[in-house]
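Asker: Sequence first, then the predicted structure:
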Amino acid sequence: MATITATITVSLTTPTRRSLTNSVNLRYLLFNSHSKFATLQRSFKSHKTRIAVSSSLSIDVPVKTAPPSFLDRIDTTFLHFAKYHGLGNDFVLIDNRDIIEPKISPEKAVQLCDRNFGVGADGVIFVLPGFNGTDYTMRIFNSDGSEPEMCGNGVRCFVKFVCQLENLHGRHSFTIHTGAGLIVPEILEDGNVRVDMGEPILKASDVPTKLPPNKDHAVVKSELDVDGIMWNVTCVSMGNPHCVTFSGKGFENLFVDELKLAEIGPNFEHHEMFPARTNTEFVQVLSDSHLKIRVWERGAGETLACGTGACATVVAAVLEGCAERNCTVDLPGGPLQIEWREKDNHVYMTGSAELVYYGSLPL
Ligand SMILES: N[C@@H](CCC[C@H](N)C(=O)O)C(=O)O
């Protein structure tokens with residue numbers, strides 16, 4: 001009887017806790033070589049399990065009893081985390097369900113987010129106990145340590161992480177308390193997440209912006225001088241502030257690939273007209289239902305995607321009369337589907353969120 005050391009193949013995006021404790025899955029993983037799976041070598045050394053390969057053949061596979069799931073590990077010397085991304089907007093996720101204060105400080109978050117000296121991420125997100133009857137509370141630190149009110153890609157990652165923590169499968173919806181109020185994400189059959197992002201805030205002083213309102217208390221297609229260049233901007237808050245631009249003096253359409261965001265982004269972010277700083281979306285209109293954007297994020301710089309930014313962009317596009325209420329928004333990391341629904345004035349965002357890996361850090 002042959003004894004082999006098993007190399008199993010585990011999808012990085014599939015819950016490993018179930019796969020590793022389920023002998024049927026184990027057999028599947030051992031003997032199916034279709035490689036949409038990433039290869040993860042594990043040596044099973046402690047005892048043997050007999051696996052029937054066909055009716056006439058069986059082999060002994062030394063199998064170690066599955067260790068407790070990574071997510072079930074509790075110790076005080078290591079911080080266990082999961083890394084997720086929503087279209088390349090990446091986050092360190094921390095299970096903070098047992099206490100109401102974030103387990104790490106903003107300073108530690110800055111270190112973790114560093115792409116050379118840390119894990120590398122656009123932000124750190126905490127899954128905290130619910131508040132006022134909500135299922136959970138979400139808090140986030142940007143990579144510069146500041147705390148924004150909301151994060152659209154982050155909330156999609158948040159609920160995927162919650163499903164792993166709670167071992168939930170299939171369709172689920174959640175109520176999440178955030179700095180931007182109640183947010184309601186729903187995991188769909190195909191694994192994507194649709195999020196009810198609530199109503200956009202347009203009143204200038206609430207965005208906040210010091211630019212004078214020019215349309216029903218809102219700032220729509222107003223001129224903003226940024227280092228001598230006159231841009232047309234519309235200001236929208238999705239709980240966090242956004243300045244959206246499609247054009248400027250002497251340029252009616254933007255070609256976003258050509259923009260030097262690292263040079264111009266900070267001048268928007270720290271502009272005196274934005275007392276809480278701002279996120280900025282640079283938008284190219286491809287059609288009335290298809291927009292292409294690049295985003296300079298407050299506290300994080302240019303990112304591959306920004307969920308609240310995509311929502312703010314569609315609201316601004318409708319207000320400026322250059323797009324419909326239902327749009328595909330292409331970001332450098334991929335597309336989001338955004339709808340600003342007339343019926344309830346809420347913005348709905350649909351997109352993906354993926355697990356990258358689990359990790360531990362000494363505290
Ligand atoms: N990437 C996020 C937004 C994160 C917060 C932002 N940097 C801010 O300070 O407001 C998203 O997907 O919405």
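Answerer: Thanks, I have the structure now.
Asker: residues in the stretch 251-363 of the chain within reach of the ligand, list them.
Answerer: 279, 297-300, 303, 306-309 (CB under 6 Å from any ligand atom). C-beta coordinates here come from the backbone N, C-alpha and C atoms, glycine included.
Asker: of those, buried ones?
Answerer: 279, 297-300, 303, 306-309 (16 or more other CB atoms under 10 Å).
Asker: would you turn those into JSON lines with distance to Asp344, pLDDT and secondary structure?
Answerer: Below are those laid out as JSON lines (distance: CB to CB, whole Å; pLDDT from 0 to 100; DSSP: H, G, I helix; E, B strand; the rest coil):
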{"residue": "Asn279", "distance to Asp344": "24", "pLDDT": "98", "secondary structure": "strand"}
{"residue": "Glu297", "distance to Asp344": "27", "pLDDT": "98", "secondary structure": "strand"}
{"residue": "Arg298", "distance to Asp344": "28", "pLDDT": "98", "secondary structure": "coil"}
{"residue": "Gly299", "distance to Asp344": "30", "pLDDT": "98", "secondary structure": "coil"}
{"residue": "Ala300", "distance to Asp344": "30", "pLDDT": "98", "secondary structure": "coil"}
{"residue": "Thr303", "distance to Asp344": "29", "pLDDT": "98", "secondary structure": "strand"}
{"residue": "Cys306", "distance to Asp344": "23", "pLDDT": "98", "secondary structure": "coil"}
{"residue": "Gly307", "distance to Asp344": "19", "pLDDT": "98", "secondary structure": "helix"}
{"residue": "Thr308", "distance to Asp344": "18", "pLDDT": "98", "secondary structure": "helix"}
{"residue": "Gly309", "distance to Asp344": "21", "pLDDT": "98", "secondary structure": "helix"}
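Asker: Tell me the one among those nearest to Arg194.
Answerer: For these, the residue nearest Arg194 by CB to CB is Gly307; the value is 11.6 Å.
Asker: If you drop the residues flanking it in sequence, what lies closest to the closest one?
Answerer: Gly152 (1.9 Å; CB to CB, 6 or more residues apart in numbering).
Asker: Pick out the most distant pair among the residues of the stretch 251-363 of the chain next to the ligand.
Answerer: Gly299 and Gly307 (15.0 Å).
Asker: ok, Gly120 to Tyr357 distance?
Answerer: 12 Å (CB to CB, to the nearest Å).
Asker: what's the domain layout of the protein?
Answerer: According to automatic domain parsing, the chain comprises the domains 8-63, 73-198+355-362, 204-345.
Asker: which of these has the lowest average pLDDT?
Answerer: Lowest mean pLDDT within those: domain 8-63, a mean of 33.
Asker: I'd assumed Lys83 was in contact with Glu354.
Answerer: No. Applying CB atoms under 8 Å, one finds Glu354 not in contact with Lys83, separated by 9.8 Å.
Asker: contacting residues for the closest residue to Val285 other than its chain neighbours?
Answerer: Leaving out its chain neighbours, the residue that sits closest to Val285 by CB to CB, 6+ apart is Cys322, at 5.2 Å. By CB atoms under 8 Å, 6 or more residues apart in numbering, Cys322 lies in contact with 246, 285, 288.
Asker: want to try CSV for those, with distance to Thr328 as columns?
Answerer: CSV is the format used below for the contacts of Cys322 (distance: CB to CB, whole Å):
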residue, distance to Thr328
Phe246, 16
Val285, 12
Asp288, 11
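Asker: Restricted to strands, list those.
Answerer: Judged by DSSP state E, the subset of the contacts of Cys322 located in strands is 246, 285.
Asker: Just among the contacts of Cys322, which is most surrounded?
Answerer: Phe246 (26 neighbours; other CB atoms under 10 Å).
Asker: got the contact list for that one?
Answerer: Applying CB under 8 Å, 6+ apart, the residues contacting Phe246 are 232, 253-254, 283, 285, 316-317, 320, 322.
Asker: again with Phe141
Answerer: Phe141 neighbours (CB under 8 Å, 6+ apart): 102, 106, 109-110, 123-124, 147.
Asker: For the residue lying closest to it once chain neighbours are set aside, give me the backbone phi and psi.
Answerer: Nearest residue to Phe141 in three dimensions, chain neighbours excluded: Ala109, at 3.9 Å (CB to CB, 6+ apart). Torsion angles at Ala109 (phi, psi; degrees, to the nearest 10) stand at phi -60, psi -40.
Asker: any idea how far Cys157 lies from Asn89?
Answerer: Counting by CB to CB, the gap from Cys157 to Asn89 is 8 Å.
Asker: rewinding a little: show me which of Glu354 and Lys83 is the more surrounded one.
Answerer: Using other CB under 10 Å, the more surrounded residue of Glu354 and Lys83 is Lys83, with 20 against 17.
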